[in-house]
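Student: return atomic coordinates for the entry below.
(chains A and B)
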Amino acid sequence: MPAADPVARLAAELSDAVGAPIELERPGDPAHGDYATNAALRLAPERRQSPRELAEEIAASMASAPGVERTEIAGPGFVNLWLTDAWLVDALAAIVERGRDFGVGEPARRERIQVEMVSANPTGPITVAAARNGAYGDSVARLLEFAGHQVEREYYYNDSGTQMEKFRASVEARRRGEEPPEDGYHGAYVEELAASDEDPVPRMLEQVERTLDRFRVHFDSWALQSELEGRLDEFLPRLDTYEKDGAIWAPSSKYGDDDDRVLVRSPERGGGPTYRAADVVYLAHKLERSFDRAVYVLGADHHGTRRWYAAVAQMLGYDPARIEVLLYQLVHLTSGGEQRTMSKRRGDVVFLDDFMDEVGVDAARWYLVNRGPDQTIEIDVDLAAERSQKNPVYYVQYAHARIAGILRNASAEQNDDLLPSEPLAPEERDLIKRLLEFPATAAEATERRGPQGIPVYAIRVADDFHRFYHEHRVLGSNAEAFRLALVRATQNVIARCLDLVGVEAPERM
RNA sequence: GCGCCUGUAGCUCAGCGGAAGAGCAACGGCCUUCUAAGCCGUGGGUCGGAGGUUCGAAUCCUCCCAGGCGCACCA
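Tutor: Predicted coordinates:
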């Protein structure tokens, strides 16, 4: 573990002292010390020793390690330890030294990763449902970058399928003063598009990009289905396809998919390539561009395609481990307690732009990433704006702004020794320990592809900070140098957390 | 029928092998001091149910119940 993570370094030092791997965790109850380890409980079976006895030995070995003030055996064999103020202040100094980069990962192998997200068909404006894809996917992308990887974001859109034809037909119908076809698009935006003679698709795409920019999801590249389909002949031979009922099939069931899939329709069904054909080309196109890993961000209604992508990778001769499909559950809207279904075709949707107008960009991003991807999001449209006033995002931002206020009033930095003459107060120790959790928290959120861990952690940081702020004066205090460092480190960690979920860190509120 | 996901405080949700949490809602306190968008306190839970694994299970395994989403030559 890098020296940039003081807790990891301490754990390594203790492991050396004890001669066994020591993992440290922060106990929920402060009476159980600054950190605790269950090493004795884990080791007892293989050492054929009682956990308590082993804990005694471990505690004795750790007692002399630098930074350890005292140890204690507790419960069935936990070892609780208390650290010296000097250790905590040194750790704080290490955080301050890293600045905004505290917690940056140092991966064993730096990967080049593509994250493909949103990819909604440009048949209408971005909805709140599609926004969850962006909020989730973009935060995962930011986490991967923070973990030390090189990330590119791509938007893939279907510009050649049935839905696009229906979309264009709907606009055409409006231009003729008619109702769009029954299975066409009926939203008010279709009428707006009909008012001009331009091709509605590029206009829709521009609007999509504008909306997502406002949502702080920015793309490096855009992939078009129509272009990919043109290269189908290159890849069909690599797939061991076969013909049945006049259609061309991929033998995906041999590679773990539930069924074989049609790539090219039979003549009586039009004979064109299916979207799955484009999937094949697109997947190859991703890996051809020398991405080590291609991440798909898909709504849970697409979970059936998970096996399909893995099968495609294998059929093409690629390692399926290079393909990663991230799923998130859907967004449900309620209005006055009534369930509303989101259908772009019926126009019964909440558009992201309206949602952002209503609750603000910060609350919108926070709201959509705050829940785990496996959790269905329920949004009561009527209460959204009202609730946004109480969104915890402001609690976190407020901590950042409060610190900015202190720093505005601070005089030029002096190079005093940080260690205060008085013992550290509980609020100071708690805040330092909280900040020290950040590298592990970020790493875990990245590995689990669970960005919701970041806002949850940020709330705890803000919580510890507000408590500290309430109890202790920074400027003009005897411990000013130390507290300024503490407050700076806190601000950096909060700003980083907010950035990881695409939320701004205001200087004033 | 098969597959994926979910069931934790009144509500919305974290936690996913180590000693049950947050926000909102309810009630009661705290501003001559760096931002009260803040702080402190009170009440509130058989972690859907039943078995199992483990020194230890909300967390892992099995079954059951309830809900969401899928199972196209649509995307």
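Student: is any part of the lengthiest helix in chain A close to RNA strand B?
Tutor: Longest helix in chain A by number of residues, with DSSP state H as the criterion: helix A:480-500. No. Judged by C-beta under 7 Å from any atom of the strand, helix A:480-500 and RNA strand B are separated, with a smallest distance of 7.7 Å. (Each C-beta comes from the backbone N, C-alpha and C, glycine too.)
Student: and for stretch A:63-72?
Tutor: No. Using C-beta under 7 Å from any atom of the strand, stretch A:63-72 stays clear of RNA strand B, with a minimum separation of 8.1 Å.
Student: may I have that stretch as PDB, with CA atoms only?
Tutor: What follows is stretch A:63-72, C-alpha atoms only, in PDB (Å, rounded to 0.1, in the frame of the first residue of the first chain):
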ATOM      1  CA  ALA A  63       2.000  -1.900  22.100                       C
ATOM      2  CA  SER A  64       5.500  -0.900  21.200                       C
ATOM      3  CA  ALA A  65       4.800   0.100  17.600                       C
ATOM      4  CA  PRO A  66       5.100   3.800  16.800                       C
ATOM      5  CA  GLY A  67       1.900   5.800  17.200                       C
ATOM      6  CA  VAL A  68       0.200   3.200  19.400                       C
ATOM      7  CA  GLU A  69      -0.700   4.700  22.800                       C
ATOM      8  CA  ARG A  70      -2.400   1.700  24.300                       C
ATOM      9  CA  THR A  71      -4.200  -1.500  23.400                       C
ATOM     10  CA  GLU A  72      -7.000  -3.500  24.900                       C
END
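Student: next, the buried residues of stretch A:371-385.
Tutor: Under the neighbour-count criterion of 16 or more other C-beta atoms under 10 Å, stretch A:371-385 has A:Arg371, A:Gly372, A:Pro373, A:Ile377, A:Ile379, A:Val381, A:Ala384 buried.
Student: try stretch A:439-446
Tutor: A:Pro439, A:Ala440, A:Thr441, A:Ala442, A:Ala443, A:Ala445, A:Thr446.
Student: which residue packs closest to the third one, ignoring adjacent ones?
Tutor: For A:Thr441, the nearest residue in space outside its immediate sequence neighbours is A:Tyr457; the separation is 4.7 Å by C-beta to C-beta, 6 or more residues apart in numbering.
Student: how much space between the one you found and RNA strand B?
Tutor: 8 Å (C-beta to the nearest atom of the strand, to the nearest Å).
Student: ok, now which ones touch that residue?
Tutor: A:Tyr457 makes contact with A:Glu437, A:Phe438, A:Thr441, A:Cys497, according to C-beta atoms under 8 Å, 6 or more residues apart in numbering.
Student: quick check: pLDDT value at the second one.
Tutor: Spelled out, that is A:Phe438. If you check A:Phe438, the pLDDT there is 96.
Student: against RNA strand B, how distant is A:Arg387?
Tutor: 7 Å.
Student: what residues are up against that residue?
Tutor: A:Val359, A:Asp380.
Student: per-residue confidence for it?
Tutor: At A:Arg387, pLDDT is 76.
Student: backbone phi and psi for the nearest residue to A:Val369 once chain neighbours are set aside, please?
Tutor: For A:Val369, ignoring the flanking residues on the chain, the nearest one in space by C-beta to C-beta, 6+ apart is A:Ala135 at 4.5 Å. Main-chain dihedrals, A:Ala135, degrees, to the nearest 10: phi -60, psi -40.
Student: then A:Leu14?
Tutor: phi -70, psi -40.
Student: wait, A:Lys166 sits on A:Glu182?
Tutor: No. Taking C-beta atoms under 8 Å as the definition, A:Lys166 is not a contact partner of A:Glu182, at 10.1 Å.
Student: among the contacts of A:Tyr457, which lie within helices?
Tutor: Reading helices off these with DSSP H, I get A:Phe438, A:Thr441, A:Cys497.
Student: the more surrounded of A:Lys166 and A:Glu182?
Tutor: A:Lys166 (17 against 7; other C-beta atoms under 10 Å).
Student: give me the element that one is part of.
Tutor: Per DSSP states H and E: A:Lys166 is located in helix A:162-175.
Student: coming back round to it: so the residue nearest to A:Thr441: helix, strand or coil?
Tutor: What DSSP: H, G, I helix; E, B strand; the rest coil gives for A:Tyr457 is helix.
Student: okay, it: pLDDT?
Tutor: Model confidence at A:Tyr457, given as pLDDT, is 96.
Student: what about the strands in the stretch 1-150 of chain A?
Tutor: Assigned by DSSP state E, counting those that start in this stretch, the strands in the stretch 1-150 of chain A fall at A:35-37, A:68-74, A:78-83, A:112-116, A:150-157.
Student: show me the shaky parts of the stretch 101-250 of chain A.
Tutor: Residues of the stretch 101-250 of chain A meeting the criterion pLDDT under 70: none.
Student: show me where it has helices.
Tutor: A:128-146, A:162-175, A:188-194, A:200-214, A:225-229, A:232-235 (DSSP state H, counting those that start in this stretch).
Student: ok, now the stretch 251-400 of chain A?
Tutor: A:275-288, A:305-315, A:352-359, A:361-369, A:381-388, A:392-409.
Student: tell me which of the ones you listed sits most buried.
Tutor: helix A:361-369 (a mean of 25; mean count of other C-beta atoms under 10 Å).
Student: so that one versus helix A:128-146, what angle?
Tutor: Orientation check (axes from the mean of the first three to the mean of the last three C-alpha atoms, to 10 degrees): helix A:361-369 against helix A:128-146 gives 90 degrees.
Student: got a list of contacts for helix A:361-369?
Tutor: For helix A:361-369, contacts defined as C-beta under 8 Å, 6+ apart pick out A:128, A:131-132, A:135-136, A:139, A:214-216, A:331, A:352, A:355-356, A:359, A:377, A:379, A:388, A:391-394, A:397, A:451-452, A:455, A:501-504.
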